[in-house]
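Visitor: model the following, please.
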Amino acid sequence: MRKKILYFVVLLLLPGKLVQAQEIKPVAKEEVLEKVVEHNRGIKISQQEFLESLADYRQTNSVFLPNITLSHTGYTTTNPLMAFGSKLNQEIISQRDFDPNSLNNPERVTNFATKVAVEQPLLNLDGVYQRRAAKTKVKATELQAARTIDYMLLEVEKAYMELQLAYKAVDVLEKARETALANKKMAENSFKQGYLQRSDVLAVEIRVSEINNQLQYARSNISNVSDYIAFLMDEPDNVVLRPTDSLQLSSHPQQFSAEVPAQRADIRAMELATEAHEDMLQADKMTFLPRLNAFGSYELYDNALFTGDANGYLVGMQLSWNVFDGAKRFGQVQKSKAAYEKAKLEYEQYVSQNELEISRALRALKDSENKLNLTRLAQEQAKESLRIRSKRFEQGLEKTTELLLSETQLSQKQMEYYQAVFEYNFAQVYLKFLTIE
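Guide: Numbers count the residues shown, from 1 in each chain. Model prediction:
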């Protein structure tokens, strides 16, 4: 029976030994924060979204800047109209070209035309509002990128504290295993002396096996959290990270407001997104007004490639008004108005959700503070209870089950205390994330 239990314990310890065999790399929180800001893919994606919106805004420069095109066209024709016009453009018309036979049955004419055309917008009000909307979107995406950084830093804070908590769990369980092994040795001695039954020794051995099992899971949790932190830093996850500082109770409690900060990056971004939808609504309304554009071209003509003995220019202005396009613009205005109203509702809902979240976080901070005080007291009581029962067990005055119960309670209370420290510290960090501007 003892051999089976020993074999079971070895199997439980084997994964933990493998974890310990991995490279252990000390890491400071400041180092993780720096690498996340520099390498995190989520942050890089938000930066590319900002550059994308900036490129969209730059495209709206066409509202004010001219459109210039250069072309060189060549063709040959016997079409009467095209042939006469080509000769006229090349300035080679002669008296015989007006002969009716020549006009009706012209010889083959080759024409090459080089043309520089310029279109200059003068008054396009819909484009002006589209440009305003694009500029507002740039500001919104910039703020969203900044909020993404804040969120990733919050994830780092949480993951780093989880790593600290995981190492605390291993420390508690290792100490519990030392105590359990000492109790096992003491129980075996008592069994040999006839003070205990074999069932008592087996109960202690089972407790040792339980602790070894919990220890293996705790070490696996260290690897899991290490992998997540490595993912945030965009680094290989083949090492086990160890925090350079242990989990400590935050010694600088802060005071937090219950109001949502209006200038918080994501709140401001939502507000700007609403303004952008309003500008797009105005842009669609402006499509009912006429457009005024200037145009001009300079042309070179010849019957040889890339030459131009004849030239001419054209300059003008155009006032165009699309009076009716099958009610398409009416539908677009209706769609833009619905999008604008939707954006306003989403903004109000987002603010309301964050007010609710801040209220929850404030209550969570208060609850975690109360839990911290209770678990601290429970831990001290469990330590004293184990000390008393251990003395009585050595003297043969305490049952094995009572000793094991006290030992189990102590490790549980220690873990509950460290969990309470984690929750209290994270509650403050999370509230700072919600209320920072």
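
Visitor: OK, contacts around the residue lying closest to residue 124 once chain neighbours are set aside?
Guide: Spatially, and ignoring its direct neighbours in sequence, residue 124 is nearest to residue 291 (5.2 Å; C-beta to C-beta, 6 or more residues apart in numbering). Glycine gets a C-beta too; all of them are placed from N, C-alpha and C. Applying C-beta atoms under 8 Å, 6 or more residues apart in numbering to residue 291 gives the contacts 121, 123-124, 319-321.

Visitor: for these, give me TSV that also has distance to residue 412 and pLDDT.
Guide: Formatted as TSV, the contacts of residue 291 follow (distance: C-beta to C-beta, whole Å; pLDDT from 0 to 100):
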residue	distance to residue 412	pLDDT
121	74	94
123	77	91
124	72	92
319	83	93
320	80	91
321	80	90
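
Visitor: select only the buried ones of those residues in ChimeraX?
Guide: ChimeraX command restricting these to the buried ones, with burial defined by 16 or more other C-beta atoms under 10 Å:
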select :121,124
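
Visitor: need the contacts of residue 291 in a markdown table with secondary structure, can you?
Guide: Below are these laid out as a markdown table (DSSP: H, G, I helix; E, B strand; the rest coil):
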| residue | secondary structure |
| --- | --- |
| 121 | strand |
| 123 | strand |
| 124 | coil |
| 319 | strand |
| 320 | strand |
| 321 | coil |
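
Visitor: which residues in the stretch 151-300 of the chain form strands?
Guide: 240-243, 291-302 (DSSP state E, counting those that start in this stretch).

Visitor: list the buried residues in the shortest one.
Guide: When you say that, I think you mean strand 240-243. Neighbour-count burial for strand 240-243 [16+ other C-beta under 10 Å]: 240-241, 243.

Visitor: tell me the one of these nearest residue 280?
Guide: Distance to residue 280, by C-beta to C-beta, is smallest for residue 241 among these, at 47.2 Å.

Visitor: where does that closest one land on pLDDT?
Guide: Looking at residue 241, its pLDDT stands at 92.

Visitor: which residues does it contact?
Guide: Counting by C-beta under 8 Å, 6+ apart, residue 241 has contacts 24-27, 163, 225-226, 229-230.

Visitor: restricted to buried residues, select these in ChimeraX.
Guide: Paste this into ChimeraX to select the buried members of the contacts of residue 241, with burial taken from 16+ other C-beta under 10 Å:
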select :27,163,225,226,229,230
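
Visitor: now, the contacts of residue 241 that are in helices?
Guide: If you go by DSSP state H, those have 163, 225-226, 229-230 in helices.

Visitor: chain neighbours aside, what residue packs nearest to residue 93?
Guide: Distances taken as C-beta to C-beta, 6+ apart place residue 87 nearest to residue 93, at 5.3 Å, with adjacent residues excluded.

Visitor: wait, is the one you found part of a helix?
Guide: Yes - remark: residue 87 belongs to a helix, assigned using three-state DSSP.

Visitor: and it, how many neighbours?
Guide: 19 (other C-beta atoms under 10 Å).

Visitor: check residue 435 too.
Guide: The burial count for residue 435: 20, using other C-beta under 10 Å.

Visitor: all good on my end, thank you.
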